[in-house]
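Student: task: produce atomic coordinates for the following.
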Amino acid sequence: MDAFHTLLSFNHAGIAAIDAAEPDREGVLDALKTAVCANINLLLEVEDEDFEKYVQTFTQDVWHTLMQVTSRQGQDHLAMAAMRFLTTVARSVYHKLFADPAVLKQICEGIILPNLRVRDEDEEVFEMNPIEYIRRDIEGGDSDTRRRSAADLVKALTEVYEAQVTAMFTGYVAALLAEHAADPVKGWRAKDCAVYLVMAVTVKGKTGEKGATTTNRLVNINDFFTQQVLPELQDPNVNERPILKADALKFVTTFRSQLPTATLVALLPPCIALLGSEHVVVHSYAATAIERFLALREGGKFRLAKSDVLPVAQPLLNGLFSAFKHPDSAENEYLMRAVMRLISFLGSEMLPVAPLCLQALADMLLEVCKNPKSPGFNHYLFESVAALIKHGAATDPGQLATYEATLFPAFDFVLSNDVQEFHPYVFQIFAQLIELSTPPLKASYMQLFPPILQPIFWERHGNVPALTRLLAAFLAKAGPEVGTRERLPPILGVFQKLISSKANDQYGFQLMSAIVEYLPLPTYEQYMPQVWGLLLTRLQSSKTPKYQRGFIVFLSLAICKMGVQAVARTLEKVQGDVLLMILQQVWTPNLALADGPDENKLVAVAATKCLTELQVVIDNQQLWQQIRAALDAKLQGTEAAIEADGQEDGLDDVAGAGYTAAYAKLANASVPDRPVLAEIADPRQFAESSLASFMSRVGGTR
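Tutor: Okay, here's the model as predicted:
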């Protein structure tokens, strides 16, 4: 500890001169002090009792170090590490070290305010590297700037000395705003600092979905918004004072939950106007604000109504697509995310402009295929396409041909040029289009079927979920065409490959379930002994909980769709008594693994059929009672699951779905809801009726 104290206190004029000559480079001594600050911060967090006797000494050391730190970039890491230590102290039991008003004043004036002020370097990043500026600054960004570290220190002090700190900073805010008012042209940095200070003092809790959720009641957000923020947003010159406009947009985005709905609606036109700013940060923040307004919910419902947005929908779309023409925003993910959100929000109201919008998106897709470089932009681009299909073609099936003609050239380019990043997206949208089609499928779709069975596509892990869904769509809409003796064996070959993999066995079950569900039994019955053999071999050699659950659900589906006699008949060809053994040792003891209303319904109906139709079960009283007990337990679970199901629409925040390197699921292209065993409305009623009929048939005793 003495060495740490010595290092923090050590200064050398020669080293300082060398460091000053290269202001952007971190000096040796600064790096050493940064490491010391990181170490003592860790000790305070994990060894606070043992570290107690050193806290005051190191707090003074770090304080004095910060007072000597300049604004040059080479000392950024030291400034952030030192402020992080003071923040940890303020949030610990040692916060009383800052209780003296004079101490608080020195911290505010000597540490917080200087580090909250925008520097020339920050302004340069704003202009020259806007995406980096956004990454550092926008809501939810990394805590890797001086301003963020200073804001965190403000929040920590406000948590323990709310009234005192709020009153003190209110005075500083007033002084900063007065400085700006005296010379608005040169004093814009003062107002920028004031906005940051107000946000730091006011926000006590926030989420990505709602922004600020709890605030400092001693701060009047609405007054500050009306007097200082709104004038910046309403300024007709969208290119002047860009950093202040970005601050204002960040303010309304952060406090969106606290602002009245009428205010959010009134903010849409000025935000749309700011989409026309030549500054990338400004039009990106404007798009983010609009997107967050549209996503905002209260009580499970959107705060804004479609009627609030429709009057500005056309200028909003024009503004978003015009902003893409800026050379540095051709692949701006914030703009595309707003496009996706607007389409999802308006739904069928997008129908009149959907073809034009889709054409613009298809053109952008063709362009980005040449050199994909922004995963976020790519994801929201495909989400936007999927949303248009979901709300456009699904609402008006007559538009489907237009959608296909618009998208197929771009999709053909993706597949023929092997743009691997986009394969999972394209396969998902092909599946979405096929699911909306009326049989028989067009030749353009059927031409796609042979290539997607090629092993090269299935070897890429990210393709597997999308390809499985695509094959299921073919089976659902083109069963007679793909269920032939020539085409079905290759599909079963894919199933064999998937089921042998622990990573992909769930997709093997999905594919085989689609075959059982959509094809007539005579089409595939001859292959079922080999299918059961593969499933049982894997169950015996490499069983996992995931595989067990998949097997139980698939066997239940097979019993329901094929019939218990067909299942028994095909299993007997594997081994004579294997069905009885499966029911006794695998299926019945593990029925509880099935989860969710669909799976519970399947196993409940399958169990009922076993009890009433399968002779090997009827003849085995012990097994019959075991299945009956499992059925009773499952029916209770089914009832509870049905009551809990359907509470959310699944599109609360598409960004949470987001891009991943392995597989990027499109929320807007999700499989449409379709009731399992639609012919059976209530599994409990089905079970009671079937069992009552069975009991009367066997004399009422078991």
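Student: which residues does stretch 312-326 contact?
Tutor: Contact partners of stretch 312-326, identified using C-beta atoms under 8 Å, 6 or more residues apart in numbering, comprise 268-269, 272-273, 275-276, 278, 280, 283, 287, 290, 309, 329-330, 332, 335, 338-339, 342, 346, 349-350, 353, 357, 360, 364. Quick note: C-beta positions are derived from backbone N, CA and C, even for glycine.
Student: same thing but at 7 Å, please
Tutor: Outside stretch 312-326, the residues that touch it by C-beta atoms under 7 Å, 6 or more residues apart in numbering are 268-269, 272, 275-276, 278, 280, 283, 287, 290, 329-330, 332, 335, 338-339, 342, 346, 353, 357, 360.
Student: what's residue 92 sitting at in phi/psi?
Tutor: Here is the backbone geometry of residue 92 (degrees, to the nearest 10): phi -100, psi -180.
Student: give me the number of residues near it?
Tutor: Counted with other C-beta atoms under 10 Å, the neighbours of residue 92 add up to 18.
Student: are any of the contacts of stretch 312-326 buried, and which?
Tutor: Buried members of the contacts of stretch 312-326, counted by 16 or more other C-beta atoms under 10 Å: 268, 272, 275-276, 280, 283, 287, 290, 329, 332, 335, 338-339, 342, 346, 353, 357, 360.
Student: check which residues of stretch 581-596 are buried.
Tutor: By neighbour count on 16+ other C-beta under 10 Å, the buried set for stretch 581-596 is 582, 583, 584, 586, 587, 588, 590, 591, 593, 594, 596.
Student: what do you get for stretch 320-340?
Tutor: Neighbour counts over stretch 320-340 (16+ other C-beta under 10 Å) mark 320-321, 323-324, 326, 329, 331-340 as buried.
Student: farthest-apart pair in those residues, please.
Tutor: Comparing every pair within the buried residues of stretch 320-340 by C-beta to C-beta identifies 326 and 340 as the most remote, at 18.9 Å.
Student: just the buried residues of stretch 320-340: which are in strands?
Tutor: Among the buried residues of stretch 320-340, the subset assigned to strands under DSSP state E is empty.
Student: what's the local residue count around residue 259?
Tutor: Using other C-beta under 10 Å, residue 259 has 21 neighbouring residues.
Student: before we move on, what SS does it have?
Tutor: Following DSSP: H, G, I helix; E, B strand; the rest coil, we place residue 259 in the coil state.
Student: for it, grab phi and psi.
Tutor: Here is the backbone geometry of residue 259 (degrees, to the nearest 10): phi -90, psi 140.
Student: with residue 576 instead?
Tutor: Dihedral angles (degrees, to the nearest 10) for residue 576: phi -60, psi -50.
Student: and it, how many residues sit next to it?
Tutor: For residue 576, the neighbour count with other C-beta under 10 Å is 10.
Student: quick revisit: redo the buried residues of stretch 581-596 as CSV? Include distance to residue 81 and pLDDT.
Tutor: Formatted as CSV, those follow (distance: C-beta to C-beta, whole Å; pLDDT from 0 to 100):
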residue, distance to residue 81, pLDDT
582, 62, 95
583, 64, 95
584, 64, 95
586, 57, 95
587, 59, 96
588, 60, 95
590, 53, 94
591, 56, 93
593, 49, 93
594, 52, 93
596, 48, 90
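Student: from those residues, pick the one nearest residue 462.
Tutor: Nearest to residue 462 among these, with distances taken as C-beta to C-beta, is residue 596, at 25.3 Å.
Student: quick one, helices of the stretch 401-550 of the chain?
Tutor: Assigned by DSSP state H, counting those that start in this stretch, the helices in the stretch 401-550 of the chain fall at 423-436, 443-446, 449-452, 455-458, 464-477, 479-482, 488-499, 505-518, 521-524, 528-541, 545-562.
Student: surely residue 212 is within a strand?
Tutor: Yes - counting by three-state DSSP, residue 212 is located in a strand.
Student: output the below-cut-off pLDDT ranges for this structure.
Tutor: Within the chain, the segments meeting pLDDT under 70 span 139-143, 637-662, 700-702.
Student: hang on, residue 411 packs against residue 428?
Tutor: No - under the criterion of C-beta atoms under 7 Å, residue 411 is not in contact with residue 428, lying 11.2 Å apart.
Student: tell me which of these two has more neighbours.
Tutor: Neighbours were counted for residue 411 and for residue 428 using other C-beta under 10 Å; residue 428 has more, 26 against 22.
Student: residues contacting that one?
Tutor: Contact analysis of residue 428 by C-beta under 7 Å, 6+ apart lists 466, 469, 666, 669.
Student: residue 574 belongs to a strand?
Tutor: No - using three-state DSSP, the secondary structure at residue 574 is coil, not a strand.
Student: could you find the closest non-adjacent residue to residue 251?
Tutor: residue 229 (5.0 Å; C-beta to C-beta, 6 or more residues apart in numbering).
Student: now do that neighbour: how many residues are near it, please.
Tutor: Counted with other C-beta under 10 Å, residue 229 comes out at 22.
Student: distance of it relative to residue 446?
Tutor: Distance, residue 229 to residue 446, using C-beta to C-beta, to the nearest Å: 57 Å.
Student: surely residue 610 meets residue 628?
Tutor: No - the criterion here is C-beta under 7 Å, and residue 610 misses it with residue 628 at 9.8 Å.
Student: compare these two (neighbour count), which wins?
Tutor: More neighbours surround residue 610 than the other of residue 610 and residue 628, with 26 against 19 (other C-beta under 10 Å).
Student: element containing the more buried one?
Tutor: Here residue 610, judged by DSSP states H and E, is contained in helix 596-613.
Student: tell me the secondary structure for residue 144?
Tutor: Residue 144 ends up coil, using three-state DSSP.
Student: any idea how many residues pack against it?
Tutor: Residues lying near residue 144 (other C-beta under 10 Å) number 12.
Student: so how far is residue 246 from it?
Tutor: For residue 144, the distance to residue 246 equals 18 Å [C-beta to C-beta].
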